[in-house]
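# quick one, structure for this:
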Amino acid sequence: MPEWVEVITRTLAAVVVLFALTRLLGKRQISQLSFFEYITGITIGDLAATISLDVKGTWYLGIISLSVWVLVSLGIEFLQLKSKKARDFIDSKSTVLIKDGKILEDNLKKERLTNEELLEQLRGKDVFKAAEVEFAIMEPNGEINVLLKKQNQPLTPTHLGIQVAPETESQTVILDGKVMDEPLATRGLNRRWIHTELEKIGVSLDNVYIGQVDAYGQLYVDLFDDKIKVPEPQQKATLYADLKKCQADLEMFGLSTDRLEAKTMYGQCSMQLEQVISDVKPLLTR
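Model prediction:
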């Protein structure tokens, strides 16, 4: 067999074996790596390249070596699952780099991290002042996670004591001009609804690149033709305006009548509707 044919054959075989062994190792091997996983990844890649090009060597010995490395890696992962001491020894522990806004220089030196590198990592987390940080911790995989001080954290409905309903994920109902029936049925909708909504905004189905329905049943589309500007759905804005108009009408009816009972009734209804508007405003105006 010519050497170039043998190289092609070995390379294809190495790809298949490497793919199978990587699937066996799991997704963790292709995520952010620990020390041992980093070494394992480099070694397995080097062995696969050697199997492909070393035509004078015995190919099955490379496969045996690959298998041994994979088994060792699986054994290490199993040991880490069973023992915290093993995890701490193999992956090391997390290191606190900032505490109460104070940078811990000794821990930076321990991790061989300069102050400029730390600031760069903080900027990657949208933090530009170390004094705003409550804790900054370097994880065993080298990633730095940051917790801001309370006064510097973004304001959320929880901070204001407001309860909001859970929001379901958006469903993609149109892809490349074709209706996706399964996600459409998940929302309790049908093709007739799709065509009605597209008619409202003056868009044909075959011009829709992606169409998504949000948790409130509104259709958002991105078109193949980027020059066409698609109007934003206005159902929520219209509903909010209608509620405000009804509340204003109730107040006006209460002011225009001379009957005490009617005035009281209109006033109570206006106050109740005002409370409803206040409750649904975050959902209708965002």
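
# pretty sure Lys227 is in a strand, no?
No - with DSSP: H, G, I helix; E, B strand; the rest coil as the criterion, Lys227 is located in coil rather than a strand.

# ok, it to Asn207 distance?
Distance of Lys227 to Asn207, given as C-beta to C-beta, to the nearest Å: 11 Å. Quick note: C-beta positions are derived from backbone N, CA and C, even for glycine.

# more neighbours: these two, which one.
Taking other C-beta atoms under 10 Å, Lys227 and Asn207 do not tie; Asn207 has more neighbours (14 against 5).

# tell me who's in contact with the more buried one.
Gly177, Leu223, Phe224, Asp225, Ile228 (C-beta atoms under 8 Å, 6 or more residues apart in numbering).

# Glu111 too?
Thr95, Leu97, Met138.

# tell me which of those fall in strands.
Mapping those onto strands (DSSP state E) picks out Thr95, Leu97, Met138.

# of those, which is the most crowded?
Of all these, Leu97 has the most neighbours under the rule other C-beta under 10 Å, reaching 25 neighbours.

# tell me the domain ranges of this protein?
Per the record, the chain has its domains at 3-88, 95-152, 171-233, 236-284, by automatic domain parsing.

# what pLDDT, on average, does stretch 47-65 get?
The average pLDDT for stretch 47-65 rounds to 68.

# helix or strand: which one has the residue most central in space within the chain?
The centroid of the chain falls nearest to Glu169 when counting by C-alpha atoms, centre = their mean (11.7 Å). Using DSSP states H and E, Glu169 maps to neither a helix nor a strand.

# try Ile210
strand 208-213.

# which residues are contacting the helix or strand just after that strand?
The element immediately downstream of strand 208-213 (helix or strand, assigned by DSSP H and E) is strand 219-223. For strand 219-223, the external contacting residues (C-beta under 8 Å, 6+ apart) are 170, 173-174, 194, 197-198, 201, 203, 207-214, 230, 233.

# go again with 6 Å.
Residues outside strand 219-223 that contact it (C-beta atoms under 6 Å, 6 or more residues apart in numbering): Glu197, Asn207, Val208, Tyr209, Ile210, Gly211, Gln212, Val213, Val230.
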